[in-house]
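Participant: How does the following fold in three dimensions:
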Amino acid sequence: MQVRVGETLIELVKGDITELGVDCIVNAANSMLKMGGGVAGAIRRKGGEKIQEECDRIVAERGPIPAGGAAITSGGNLKAKYVIHAVGPVYGEGDEERKLRNAVINSLKLAEQHGITSIAFPAISTGVFGMPKKLCAETMLPAVISYAKSGTSIKRIAFCLYDNETFNVFKEALKNIKIKVASRFSLKIKKDKTGLMFFCSLFYSPFSSHLDYQEYYKCDYYECYKRAYKFTHAERPDGNQLPREPRSRKLYYWH
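Facilitator: Numbers count the residues shown, from 1 in each chain. Purely as a prediction, here's the structure:
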């Protein structure tokens, strides 16, 4: 399952995060960056001891990484060139959603600083840290969407979920976000200053001007488009015309 936000593809995949073909994978880390079990253990086993050695040097220099913080190391023997170690909150310590959101945002900022264009996240804090998977999904997904909406050089952001249960929780959360977006669509017809020509504006958030045709037809956007065309077939001031049919997956709109 995937959505596009601006120039960034956000997708859900099920499988082993260490096997993904991305520039960087995110490790669900603890404050001491000690890689024991879960995602961290898998990364250490496949990436080699070099990653843990780099983590130890970071902690020696900076001290423990607080919840919401992130640090970056090489990918060792992994397919990914980098590993970002994002420290999520322990469920029950308080302010978990803000801390998890910060861990996601700080990871993305760190990725951009290192020229990373594709990155994969696990479900941070849902292992031994005990965060409910639903809460995790409802925190991480909006954080990523909001970041992508603001503009980023990262072209692909994946959520790699290891088991069916976690994948389905994230899938449902993403569907709910898309439903909320669809409910905020509005068609506005306005006259220009001359009063002789109409144009339409499509306002929606948080996604960009890209939608796949399935969602396009399901939500009656095409009917909306056709009704708008009746008012917009005249030439715009710049001499262009609104196409009679969509020629690509991009919605035509202007303000």
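Participant: in the chain, which spans are strands?
Facilitator: Counting by DSSP state E, the chain has strands at residues 2-5, 8-14, 24-29, 70-74, 82-87, 118-121, 156-161, 186-191, 198-203.
Participant: Which one, of those strands, ends up nearest to residue 103?
Facilitator: For residue 103, the closest of the strands of the chain is strand 82-87, at 4.3 Å, according to CB to CB. To be clear about C-beta, it is placed using only N, CA and C from the backbone, and glycine gets the same treatment.
Participant: just the angle between the closest one and strand 24-29, please?
Facilitator: Using axes from the mean of the first three to the mean of the last three CA atoms, to 10 degrees, the inter-axis angle of strand 82-87 relative to strand 24-29 is 30 degrees.
Participant: Kindly export strand 82-87 (C-alpha atoms) in PDB.
Facilitator: C-alpha atoms of strand 82-87 as PDB (Å, rounded to 0.1, in the frame of the first residue of the first chain):
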ATOM      1  CA  TYR A  82      23.400   3.900   6.600                       C
ATOM      2  CA  VAL A  83      21.600   3.000   9.800                       C
ATOM      3  CA  ILE A  84      19.800   5.700  11.700                       C
ATOM      4  CA  HIS A  85      19.300   4.800  15.400                       C
ATOM      5  CA  ALA A  86      16.000   6.400  16.500                       C
ATOM      6  CA  VAL A  87      15.300   6.300  20.200                       C
END
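Participant: Show me what that strand is in contact with.
Facilitator: 23-31, 33, 43, 47, 51, 55, 65-76, 103-104, 106-107, 110-111, 114, 116, 119, 121, 124 (CB atoms under 8 Å, 6 or more residues apart in numbering).
Participant: In a markdown table, list the strands of the chain along with distance to residue 175, mean neighbour count and mean pLDDT.
Facilitator: Listed next are the strands of the chain as a markdown table, based on distance: least, CB to CB, whole Å; neighbours: other CB atoms under 10 Å; pLDDT from 0 to 100:
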| stretch | distance to residue 175 | mean neighbour count | mean pLDDT |
| --- | --- | --- | --- |
| strand 2-5 | 10 | 18 | 88 |
| strand 8-14 | 10 | 18 | 94 |
| strand 24-29 | 23 | 27 | 96 |
| strand 70-74 | 28 | 20 | 97 |
| strand 82-87 | 25 | 26 | 97 |
| strand 118-121 | 18 | 24 | 97 |
| strand 156-161 | 14 | 24 | 96 |
| strand 186-191 | 21 | 12 | 41 |
| strand 198-203 | 21 | 16 | 37 |
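Participant: Switch those strands over to TSV; also include distance to residue 172.
Facilitator: Listed next are those as TSV, based on distance: least, CB to CB, whole Å:
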stretch	distance to residue 172
strand 2-5	14
strand 8-14	10
strand 24-29	21
strand 70-74	27
strand 82-87	23
strand 118-121	17
strand 156-161	12
strand 186-191	26
strand 198-203	26
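Participant: Relative to residue 130, which of those is closest?
Facilitator: Nearest of those (CB to CB): strand 24-29, 12.1 Å.
Participant: okay, the angle between that closest one and strand 70-74?
Facilitator: Angle, strand 24-29 to strand 70-74, by the same axes, to 10 degrees: 130 degrees.
Participant: quick one: contacts of strand 24-29?
Facilitator: Residues outside strand 24-29 that contact it (CB under 8 Å, 6+ apart) are 17-18, 35, 38-40, 43, 55, 65, 71-72, 75, 78, 80-88, 107, 111, 114, 116, 118-127, 129, 160.
Participant: cool, stretch 52-67 as well?
Facilitator: 29, 31-35, 44, 71, 73-74, 85, 87-90, 93, 99, 102-103.
Participant: buried sites along that stretch?
Facilitator: Using 16 or more other CB atoms under 10 Å as the test for burial, stretch 52-67 gives 52, 54-55, 58, 65, 67.
Participant: cool, stretch 163-177 as well?
Facilitator: For stretch 163-177, the neighbour count (16+ other CB under 10 Å) marks 166-167, 169-171, 173-174, 177 as buried.
Participant: which among these gets closest to residue 4?
Facilitator: Checking the buried residues of stretch 163-177 against residue 4 by CB to CB gives residue 174 as the nearest, at 12.5 Å.
Participant: Thank you, goodbye.
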